[in-house]
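J.: Generate a structure from the sequence data that follows.
(3 chains)
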Amino acid sequence: MMFYLFDIIIALMTIILACLCLFSRQAINSITYFIALGLIVALIWTRLGAYDVAIAEAAIGSGVTGALLLFSWRKLRAAKSNITLTENTISKKVIATAFFIVVIIVFSLSSILLFSKPNSALAYLVDSSLSDSGVLNPVTAVLLNFRSFDTLLEIGVLFLAALGVYSIGISLFDYELKPSSNFLLHSLSKLVVPACVLFGGYTLWVGSYSPGGAFQAGAVWAGALILLRLAHPRLLARKLSPWLLTIGLIVFIAAAIATFVINKNFLLYPALYAGKWILLIETAAAISIALLLYSLFFIPKKINSKSAANTITDDAGESI
Amino acid sequence: MSIQVIYLMAGILLFCLGVAALILRKNPLIQVVAINVMGIGVFMWFIANGYSIDIIDNVPHALVLTGIVVAVSATAFALLLLVRIQTRGTTSAGDRDDV
Amino acid sequence: MIILDVLTVILLVVGLVFFFAGSIGLLRFPDLMCRVHALTKADNIGLACISLAVAIYSNDWLIGLKIIFVWLFILATSSLMSFIIARRINMSNKIISGDSR
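T.: The predicted model follows:
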């Protein structure tokens, strides 16, 4: 039992953090606990040997989601009216929830106790085909070679979300800081943005043989872009080129059509050059992912709109 | 009781807590957080299923990576819808882009 | 070697103590400024101890060098972030107390 002490402590910490997150009074407490929960869960992924997932969870699951939640909390706090949801009586809800939870726990515990031997047939399959896939990192091989359709559709889903955000028409962050207060963000961006660009490029390249890959690189680049936009608002205030936004999808679909022409099968890469095809698709995908994650936050305003040149006061009327 | 079982149970508990919070809490922002916690529970179940002492299965890692990106896309869209509904499209600073 | 392992454990425990002290400060200090101050200082030193422990434990000078760079980077960014937070607190204190400067 002592051998598992670390795991028991971390798992308990996760459960307690989740309870604090979900059942706290104020929304800002929930969001802060959620960001901490994301980082503890990244530690759990490292413990379970899922290094790519750990980087992605820390960058996307805790970083991007946390920033989205914080920005929307700020906007909702300034909203004048709140929608009140329909009220069921509290006892009916509690009974329904308790029943649902009991059912889930009974089913899951029984499945754990009856079928607790891990099914690792897929692991051996992946291991044996790894040399044919063109890369040395099994997760990249699965993502971009064995199950590449899932990745194509995943980039499509991200693109759809960005389209939805564009069509809603408001952006989560639409004011600028006064230039006199901006020097701190200037310094922070001078330090962080080059390091993030370098680290993203490194993660993209090294994803072929080490934990890393296109999604982690895209997330780190997106963080750098968001910081750049916060520190230098006029630098990125123009509309993003739609070609850059969609280049991941375009390259992926072009690769699918090209492999269909060459090999009579979609996304079946030519045997000797599979690694290079994967790198090309990953680079385009990383650029696309970075710009799509950035565009979830910022909608470009019209170039000649009045608000582009003000020093804007913040929502509560205080000047920043 | 191996390491795998500890994290399997933790994943199920996280999912149940997320469901309970989704039903019981009224604040829509906390409901979005609850959906994300449900997602984290499911991912923990996936990755704990792929863990064993001898060999670690990498296919659940790829599926969870896809799941994280899809979850963040859905969360972003849900939050934008929520902000748009509750602020009626007006922002208190700057222009309103007429849609 | 045994001396390196003992040094690693000592550095880990010292770093843990610093992080613990910072967290207690976060929970128990009365004012927002005090909390930011305690948290930043204690966390920076705690991170220094823990990264030194990991760098020593890894037995590879290249990994140790990378970890030292990570520590320096986090030092710079967390100090800048705490400056930004403290400046914002200062400004909202001035607004609350009516100081218009």
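
J.: Tell me where chain C has helices.
T.: Counting by DSSP state H, residue ranges of the helices within chain C are C:2-28, C:32-57, C:61-97.

J.: Can you list the buried residues in the shortest one?
T.: Put plainly, it is helix C:32-57. Neighbour-count burial for helix C:32-57 flags C:35-36, C:38-55, C:57 (criterion: 16 or more other Cβ atoms under 10 Å in any protein chain shown). Placement of C-beta: from N, CA and C, glycine included.

J.: Could you do the last one as well?
T.: Judged by neighbour count (16+ other Cβ under 10 Å), helix C:61-97 contains these buried residues: C:64, C:67, C:71, C:75, C:80, C:82, C:85.

J.: how about the helices of chain C, which one is nearest residue A:253?
T.: helix C:61-97 (37.9 Å; Cβ to Cβ).

J.: ok and that closest one relative to helix C:32-57, angle-wise?
T.: Here helix C:61-97 runs at an angle of 180 degrees relative to helix C:32-57 (axes from the mean of the first three to the mean of the last three Cα atoms, to 10 degrees).

J.: for chain C, what are the low-confidence residue spans?
T.: For chain C, residues meeting the criterion pLDDT under 70 lie at C:98-101.

J.: Tell me which residue of it lies closest to chain B.
T.: Closest contact between chain C and chain B, by Cβ to the nearest Cβ, is at residue C:95 (16.5 Å).

J.: now the helices of chain C in TSV, with distance to residue A:212?
T.: TSV is the format used below for these (distance: least, Cβ to Cβ, whole Å):
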stretch	distance to residue A:212
helix C:2-28	27
helix C:32-57	20
helix C:61-97	15
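
J.: Ok, which of those comes nearest residue A:170?
T.: So among the helices of chain C, helix C:61-97 is nearest, using Cβ to Cβ, at 24.2 Å.

J.: How about the host helix or strand of residue A:55 and chain C, any contact?
T.: Element membership for residue A:55 (DSSP states H and E) is helix A:51-56. No: on the criterion Cβ under 8 Å from any Cβ of the partner chain, helix A:51-56 is out of touch with chain C, staying 13.7 Å away.

J.: export that helix as PDB, just CAs?
T.: Only the C-alpha atoms of helix A:51-56 are listed here, as PDB (Å, rounded to 0.1, in the frame of the first residue of the first chain):
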ATOM      1  CA  TYR A  51       3.800  13.000 -21.800                       C
ATOM      2  CA  ASP A  52       2.300  14.500 -24.900                       C
ATOM      3  CA  VAL A  53      -1.100  14.700 -23.200                       C
ATOM      4  CA  ALA A  54       0.600  16.400 -20.200                       C
ATOM      5  CA  ILE A  55       2.000  19.200 -22.300                       C
ATOM      6  CA  ALA A  56      -1.200  19.600 -24.200                       C
END
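
J.: for it, packing partners?
T.: Contacts defined by 3 or more Cβ pairs under 8 Å, 6 or more residues apart in numbering or on different chains; DSSP states H and E place helix A:51-56 against helix A:27-47, helix A:214-231, helix B:59-87.

J.: Tell me the buried residues in the next helix or strand after it?
T.: Moving toward the C-terminus from helix A:51-56, the first helix or strand encountered (DSSP H and E) is helix A:65-77. The neighbour-count check on helix A:65-77 (16+ other Cβ under 10 Å) flags A:65, A:66, A:67, A:68, A:69, A:71, A:72, A:73, A:74, A:75, A:76 as buried.

J.: Adding pLDDT, write those out as TSV.
T.: Below are these laid out as TSV (pLDDT from 0 to 100):
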residue	pLDDT
A:65	96
A:66	96
A:67	94
A:68	95
A:69	96
A:71	91
A:72	92
A:73	92
A:74	87
A:75	86
A:76	87
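
J.: contacts for stretch A:64-80?
T.: Applying Cβ atoms under 8 Å, 6 or more residues apart in numbering or on different chains, the external contacts of stretch A:64-80 come out as A:27-28, A:31, A:34-35, A:38, A:82, A:172-173, A:219, A:222-223, A:226, A:293, A:296-297, A:315-316, B:29, B:32-33, B:36, B:71-72, B:75-76, B:79-80, B:82-83, B:86-87, B:91-92.

J.: Could you list the low-pLDDT ranges of chain B?
T.: B:1, B:89-99.

J.: Can you tell me the centre-most residue of it?
T.: residue B:36 (1.9 Å; Cα atoms, centre = their mean).

J.: Quick one: residues contacting that one.
T.: Contact analysis of residue B:36 by Cβ under 8 Å, 6+ apart lists A:34, A:61, A:65, B:18, B:71, B:75.

J.: circling back: for residue B:62, which of the helices of chain C is the nearest?
T.: Of the helices of chain C, nearest to residue B:62 by Cβ to Cβ is helix C:61-97, at 26.7 Å.

J.: how far out from the middle of the chain is the closest one?
T.: The chain centre lies 9 Å from the centre of helix C:61-97; the measure is Cα atoms, centre = their mean, to the nearest Å.

J.: Likewise for stretch A:9-27?
T.: Worked out by Cα atoms, centre = their mean, stretch A:9-27 lies 21 Å from the chain centre.

J.: Just the residues contacting that stretch, thanks.
T.: Stretch A:9-27 is touched from outside by A:29-30, A:33-34, A:36-37, A:40-41, A:43-44, A:47, A:73, A:76, B:6-7, B:9-10, B:13-14, B:17-18, B:20-21, B:25, B:27, B:29-30, B:33-34, B:37, with contacts defined as Cβ under 8 Å, 6+ apart.

J.: what do you get if the cut-off is 7 Å, keeping everything else the same?
T.: A:30, A:33-34, A:36-37, A:40-41, A:43-44, A:47, A:73, B:6-7, B:10, B:13-14, B:17-18, B:21, B:27, B:29-30, B:33-34, B:37 (Cβ atoms under 7 Å, 6 or more residues apart in numbering or on different chains).

J.: What of stretch A:280-291?
T.: Taking contacts as Cβ under 7 Å, 6+ apart, the residues outside stretch A:280-291 that touch it are A:144, A:155, A:158, A:204, A:207, A:213-215, A:217-218, A:221-222, A:225, A:240, A:244-249, A:251-252, A:255.

J.: Please apply the same query to stretch A:262-278.
T.: Outside stretch A:262-278, the residues that reach it (Cβ under 7 Å, 6+ apart) are A:133, A:134, A:135, A:144, A:145, A:148, A:149, A:208, A:255, A:256, A:259, A:260.

J.: The buried residues of helix C:61-97: which ones sit near chain B?
T.: Applying Cβ under 7 Å from any Cβ of the partner chain, the subset of the buried residues of helix C:61-97 adjacent to chain B is empty.

J.: so can I have TSV of the residues you listed showing distance to residue A:285?
T.: Shown next, in TSV, are the buried residues of helix C:61-97 (distance: Cβ to Cβ, whole Å):
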residue	distance to residue A:285
C:64	34
C:67	30
C:71	32
C:75	33
C:80	31
C:82	36
C:85	35
